[in-house]
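Trainee: Here is a sequence with its predicted model. Questions after.
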Amino acid sequence: MLNGSTFIRRELMIRIVRAFDDGTLETELDQIPIKLRPKNSVASRCCVYHDRAILKYRLMALLGVSVEDETDESKSLSAYYAEKAWGGGVAGHADAPHTPLSVCGPACSGCPDAKVVSTPNCRGCFARPCVYNCPKKAISVVGGQSVIDQSLCIKCGKCITACPYHAIVKTTVPCEDACPVGAIRKNEHGVAEIDFAKCIFCGKCFAACPFAAVMERSQLVDVLAAMKRGEKLVAMVAPAAARQFPGKIEQLLAACAKAGFGDVMEVALGAEMTTAHETEEFIERMEKDPKTFMTTSCCPAWVNLVGKHLPALVDHVSLTPSPMVYAREIVKAKDPDAKTVFIGPCVAKRSEAKRKDVDYVLSFEELGAILAGRKIDVIACEPWPVERPANPTARNYAKSCGVTEAVLTEATAKIPGFKLDAKQINGIDRKTCAMVKLYAAGKMPVNFLEVMACPGGCQNGPCSLA
């Protein structure tokens, strides 16, 4: 969804790409916040100086620098840039962030704790449905206005439902409300802080924060610098790209090549391998124990969730690598010296890439910034001559139920009359986390469980363009 924070994030990315290509990035970095917030301009926060500070931290994240690692507030952006020796053409390395997310303290609003409150819309009606429906007697009417005693309120929401004027609302802390595992909380200073021991890198806090305080640590400049050094980078484009960019996938691949990638491929080819191996694994498991069940393994946020929070499900998660990992194998088999760049809508892929030796990860937003910065029109590109297009079920991996459909198609082709008793978790949240525990306890019949962290599948990932 396009909003102010999304707009400024993309604006900064495009400025970085253009300045890098002009050879002026190191000298222009510290001027970008000033150009975007000149004196006497309208500030988004208390003043332009506060805005400039936040823009500096956003640029730090785009350079791949964690705000949490800052030790000198006076250190300039150009100094951070020079540290990595990008500008001078010195051979660098894939600086994969240890944690894909970072929190900008100055940007955080320090939202008040979630609570149920009565607004001025209250009419003090004679029926008093809020009073009569509150199970804890936390509501009274004083001076013709309903008042909620926060010490008694349990936030059940019955008063919200009962009020005919919609005068009672529940306020939230957007990042905390979005996080399915309670990994983000305000610290002693009232600033959001991520507990990375709990974080599954689903990116929901990143997408939810209206102050853009949660930032993604980027490898955008790493990729631009590798291109400049003449390294062969292979763009591995995720199946979700079909919903993000105009034209056909073959045109997008051609646009990537025009942008400077030495070779291109669709990750759906890797999805074909995931389907084949996951189907074989599933059949083997069913033969050993017909009463067991297996879950998919292509969503790294789901794999992280099981590893950190749902140990009872560890043995049920498929051991089959994700399409990204198989895509990397295809690239390396063809050219062992090539560097791999996964391009998708997912924050969690950055954590998986670090574990699986994928050199770089770009979001669709970052790829869009490269194409915009270099004035490449996808629609105007001649389709890339792919050796073999991926099959439709593999290209459908980005949609919820897509993996299930692929496995079912593969299994029925091998075993006539095969029956797949499948269910889907369409988005990870607190409710679905509780639901998968029921599957683990055997209280819900299933033999194949597809889990996607994002509602609707990867096509709705936190770094989507659409």
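Mentor: Structure's in. What do you need? Numbers count the residues shown, from 1 in each chain.

Trainee: immediately after the longest helix along the chain, which helix or strand?
Mentor: Determined from DSSP state H, the single longest helix within the chain is helix 268-288. Under the assignment DSSP states H and E, the closest C-terminal helix or strand after helix 268-288 is strand 294-295.

Trainee: List the buried residues for the longest helix of the chain?
Mentor: 268-279, 281-283, 285-286 (16 or more other CB atoms under 10 Å). Backbone N, C-alpha and C define where each C-beta goes, glycine included.

Trainee: How far away from the center of its chain is it?
Mentor: Remark: helix 268-288 is offset 26 Å from the chain centroid, using CA atoms, centre = their mean, to the nearest Å.

Trainee: tell me what it is packed against?
Mentor: Packing partners of helix 268-288 (3 or more CB pairs under 8 Å, 6 or more residues apart in numbering; DSSP states H and E): strand 294-295, helix 323-334, helix 392-395, helix 402-414.

Trainee: Need the CA coordinates for the third one. CSV is fine.
Mentor: Below are the C-alpha coordinates for helix 392-395, written out as CSV (Å, rounded to 0.1, in the frame of the first residue of the first chain):
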residue,chain,number,x,y,z
PRO,A,392,2.3,-22.8,-14.4
THR,A,393,2.1,-24.5,-11.0
ALA,A,394,5.7,-23.4,-10.1
ARG,A,395,4.9,-19.8,-11.2
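
Trainee: can you list contacts of it?
Mentor: If you take CB atoms under 8 Å, 6 or more residues apart in numbering as the criterion, helix 392-395 is touched by 239, 242, 249, 266, 268-269, 271-272, 275, 323, 402, 405-406, 409-410.

Trainee: domain assignment for this protein?
Mentor: Listed domain ranges for the chain are 4-107+176-217, 115-171, 225-460 (source: automatic domain parsing).

Trainee: Single out the most deeply packed of the ones you listed.
Mentor: Among these, ranked by average contacts under mean count of other CB atoms under 10 Å, first place goes to domain 225-460 (a mean of 19).

Trainee: Quick one: end-to-end length of it, please.
Mentor: End-to-end distance of domain 225-460 (CA to CA, to the nearest Å): 29 Å.

Trainee: how far away is the residue lying farthest from the centre of the chain from residue 159?
Mentor: Within the chain, residue 126 marks the point farthest from the mean C-alpha position, 47.9 Å out by CA atoms, centre = their mean. Using CB to CB, to the nearest Å, residue 126 is found at 16 Å from residue 159.

Trainee: can you check residue 63 too?
Mentor: 48 Å.

Trainee: where exactly do the strands run in the stretch 301-450 of the chain?
Mentor: Remark: strands assigned in the stretch 301-450 of the chain by DSSP state E, counting those that start in this stretch are 339-344, 360-363, 422-426, 448-452.

Trainee: what are the pairing partners of the third one, and which direction each?
Mentor: With DSSP bridges as the test, strand 422-426 is paired with strand 448-452 (parallel).

Trainee: any idea of the mean pLDDT for the strand it pairs with?
Mentor: Averaged across strand 448-452, the pLDDT comes to 95.

Trainee: what angle do it and helix 268-288 make?
Mentor: In terms of direction (axes from the mean of the first three to the mean of the last three CA atoms, to 10 degrees), strand 448-452 departs from helix 268-288 by 150 degrees.

Trainee: residues in contact with the closest residue to residue 201 other than its chain neighbours?
Mentor: Leaving aside its chain neighbours, residue 201 sits nearest to residue 348 (4.1 Å; criterion: CB to CB, 6 or more residues apart in numbering). Residue 348 makes contact with 100, 200-203, 299-301, 304, 453, according to CB under 8 Å, 6+ apart.

Trainee: Between all of the residues you listed, which two are at the greatest distance?
Mentor: Farthest-apart pair in these is 100 and 299; separation 14.9 Å (CB to CB).

Trainee: How about the contacts made by the nearest residue to residue 448 once chain neighbours are set aside?
Mentor: Nearest residue to residue 448 in three dimensions, chain neighbours excluded: residue 422, at 4.2 Å (CB to CB, 6+ apart). Going by CB under 8 Å, 6+ apart, residue 422 touches 404, 408, 446-450.

Trainee: That'll do, ta.
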